[in-house]
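[1] I'll drop the sequence and a predicted model, then ask my questions.
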Amino acid sequence: MISRRLFLSASMGAATALASTTPHARAEAGQVVVGTWGGDYGQLLSDLIDKPLLAPKGIEVLQDVANADPRKTKLLAERQSRRGSMDVACLSDSDAYIVAGMNAFEPVDDKKVPRLEKVFTELRTETAVPHIYSAQVILYNVNQVKTPPNAYADLWDPKWRGKVGLVDILYPANTLAAALAGGGGVSNFDPAEQKLMELRSLDVKIYPSNEALAAGLKSEEVWLTVMWLARGFMWKKAGIPIAHVVPKEGAASIVFEASVPRNARNKEGGFAYLDAMLDPKAQIAFADKMGYVPTVSDAVLPEDIAKQVALSEADRAKLLKPDYKYQTERSQRTLDFWNKQFKG
Amino acid sequence: MALLVLPACLLVLGLLVGPMMLMFRISLNQFSPTQLMIEEFSFGNYVQAAADPYYQEIIVTTLGMALLCTALTLVIAFPAAYWVGRLQSRWKSLVVIATLFPLLVGNVVRSAGWMALFDRDGLINAFLRWAHLIGEPLTLMYTPKAVVFGVVAVVLPYMILTIAAVIESIPRDLEDAAANLGASGLQTFWRVILPLSAPGVAAGSILVFVLCMNTYATAVLLGGPRFKMMAPAIFDQFVRGNNWPMGATLAFMLLAVTMSFTVFGSIAFARRYRLR
């Protein structure tokens, strides 16, 4: 026989237990869900931001680890839901532009993210904080390539037949490199199509992932590639005999950003996280471990690291910012050409 | 009694039919790179995909791979299934668990292991070079052969266990009777075992065919960027191109092809063995 008192106390207990697992309670408890890449990036976020900077403020960080593509798709799919699954979403600048275009991100400003005032002006956007950035360069094997190329166009030299490797998932960046080699630019990918077909006839090798390309460079299956300078830094640290050249056509920038979705359950916590991502110490540590350059003016890199990961003043002046509107509008044509013609 | 199926029906309706209807509606929309999609009610995406030689080739490749892998799996699985089905030992449950073991490892993890095996510097090439059988490393990764190997290894347990369950139910006396009547081992297999195990063969083949048609991780990881099957192509449109209408269209085309072959295959199979 269950007494009224027992029933009420049991009900209250059950309700409390249930409430502790609801999203509302999660926000109050100061939990922040960060949609991020795993691997080194996720680990460094945890070591440099989550534990030392957020935990003392009573914010518990949960990482929702996935690649950028599924995360972008999730954000788009959830954008009309009242409650999203992430409080912070990390994406590349190009992906963030697409998601922001769907009105899925909260605007950011100095009030919500006080350290935004330290961010380099050219990297600021309305809905994201730039976390780290790098530039697209040519990587080459120092043992095999005695006269390094100095331009993207040099990769089309028949003497490199079968020795140039590209990563499939970086098809927009590869298309931009081909466009630049053919006289195009960030707002003109047209020349890329002919150049890519020429590269195909020169037996270019296509790898499914960055890791597969790294293995190809290590085994000397390929000697040259187009890649982020930061990746080259990491691979060099891992013992792959490579060096980089900033192409004379100009190096395109890649910025990894973070935003707070409009339907985030803990927006306050999300903005606190964004602010912590701009911490100078954390930014310098990211440069040291992953080779990405700080986005804030008060994070000054030690000279030895700067030499390896940062561009010279002259090269920085030639840094090409993607034309996000153009590349988004052309995205289907770029993907279709890459799949159907170039790889087909 | 009919109420017993209600929970399952509600689950399927809610989690399968509902999202599929939504997906079908999306497939009728028009893609917009800046707005994701524009509401429409047109079969234009279906016409475009069906007329595109690129997707025609992908469908043919997918179908060819699925049929080849199903046939190979059947040939490899049948003897093993016969042995498992006829096994009378206290270790039988362990054998069944061992058969299931490959399914306990995730697709991606398994494929990563094969990458280490097939790679230019992988174990196979290292061994062949050590044995002076080859000078230059063989290209094993990113080939259709690697995908066939990977897929067959994944789906083998499904076929073995499905057929073994049917073989278990075939009385051993029938084989003895066939032998008594002078049938050779091959004749017994062809005239007795195979027809009686036909339901298992049909069920296993359908299961394996459907799994092969939907192969994703193995095709991407072992086939490489140039090898295209339908599931990676759907992923490409949905996730890389943000083109949900085309992704949904391709998904329904894959579903239609898979269902057609499954239904026609089942009918043909049933007729073939009903005649005997």
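    Perfect, I can see it now. On a predicted model such as this, the values are computed, not experimentally measured, just so you know. Residues are numbered from 1 along each chain as shown, chains lettered A, B, ... in the order given.
[2] Residues of the stretch 1-150 of chain B that sit close to chain A?
    Neighbours of chain A within the stretch 1-150 of chain B, by C-beta under 8 Å from any C-beta of the partner chain: B:31, B:33-36, B:52, B:54, B:119-121, B:142. Using the backbone N, CA and C atoms, a C-beta is placed for each residue, glycine as well.
[3] Tell me which helix or strand the residue of the stretch 51-200 of chain B found nearest chain A sits in.
    Residue nearest to chain A within the stretch 51-200 of chain B (C-beta to the nearest C-beta): B:Y54, separated by 4.5 Å. Using DSSP states H and E, B:Y54 maps to helix B:53-86.
[4] tilt between the helix or strand just after that helix and helix B:53-86?
    Next helix or strand after helix B:53-86 toward the C-terminus (DSSP H and E): helix B:92-104. Angle of helix B:92-104 versus helix B:53-86, following axes from the mean of the first three to the mean of the last three C-alpha atoms, to 10 degrees, is 160 degrees.
[5] hang on, the earlier thing: JSON lines for the residues of the stretch 1-150 of chain B next to chain A, including secondary structure and neighbour count?
    Shown next, in JSON lines, are the residues of the stretch 1-150 of chain B next to chain A (DSSP: H, G, I helix; E, B strand; the rest coil; neighbours: other C-beta atoms under 10 Å in any protein chain shown):
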{"residue": "B:F31", "secondary structure": "strand", "neighbour count": "21"}
{"residue": "B:P33", "secondary structure": "coil", "neighbour count": "19"}
{"residue": "B:T34", "secondary structure": "coil", "neighbour count": "11"}
{"residue": "B:Q35", "secondary structure": "coil", "neighbour count": "11"}
{"residue": "B:L36", "secondary structure": "strand", "neighbour count": "19"}
{"residue": "B:D52", "secondary structure": "coil", "neighbour count": "14"}
{"residue": "B:Y54", "secondary structure": "helix", "neighbour count": "15"}
{"residue": "B:D119", "secondary structure": "coil", "neighbour count": "21"}
{"residue": "B:R120", "secondary structure": "coil", "neighbour count": "18"}
{"residue": "B:D121", "secondary structure": "coil", "neighbour count": "13"}
{"residue": "B:Y142", "secondary structure": "coil", "neighbour count": "22"}
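[6] can I get these in a markdown table with pLDDT?
    What follows is the residues of the stretch 1-150 of chain B next to chain A, written out as a markdown table (pLDDT from 0 to 100):
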| residue | pLDDT |
| --- | --- |
| B:F31 | 94 |
| B:P33 | 87 |
| B:T34 | 84 |
| B:Q35 | 85 |
| B:L36 | 86 |
| B:D52 | 96 |
| B:Y54 | 95 |
| B:D119 | 83 |
| B:R120 | 81 |
| B:D121 | 80 |
| B:Y142 | 88 |
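[7] Number of residues surrounding residue 178?
    No chain in the question, so chain A it is. A count of nearby residues for A:A178, using other C-beta atoms under 10 Å in any protein chain shown, gives 27.
[8] Can you look at chain B instead?
    There are 18 residues near B:A178, going by other C-beta under 10 Å.
[9] what's the helix or strand for it?
    helix B:172-180.
[10] For that helix, which outside residues touch it?
    Residues outside helix B:172-180 that contact it (C-beta atoms under 8 Å, 6 or more residues apart in numbering or on different chains) are B:86, B:187-188, B:191-193, B:196.
[11] out of the residues you listed, which is most surrounded?
    If you rank these by neighbour count (other C-beta under 10 Å), B:I193 sits at the top with 20 neighbours.
[12] Surely that one and B:V166 touch.
    No - B:I193 is beyond contact range of B:V166, at 10.0 Å (criterion: C-beta atoms under 8 Å).
[13] Run through the strands of the stretch 101-250 of chain A in chain order.
    With strands called from DSSP state E, counting those that start in this stretch, the stretch 101-250 of chain A shows them at A:129-141, A:164-167, A:205-207, A:224-228, A:242-245.
[14] try chain B
    B:30-32, B:36-38 (DSSP state E).
[15] could you point out which element follows the lowest-mean-pLDDT helix or strand in chain A?
    None of the helices or strands of chain A scores lower by mean pLDDT, DSSP states H and E than helix A:23-28, at a mean of 43. For helix A:23-28, the following helix or strand on the C-terminal side (DSSP H and E) is strand A:31-36.
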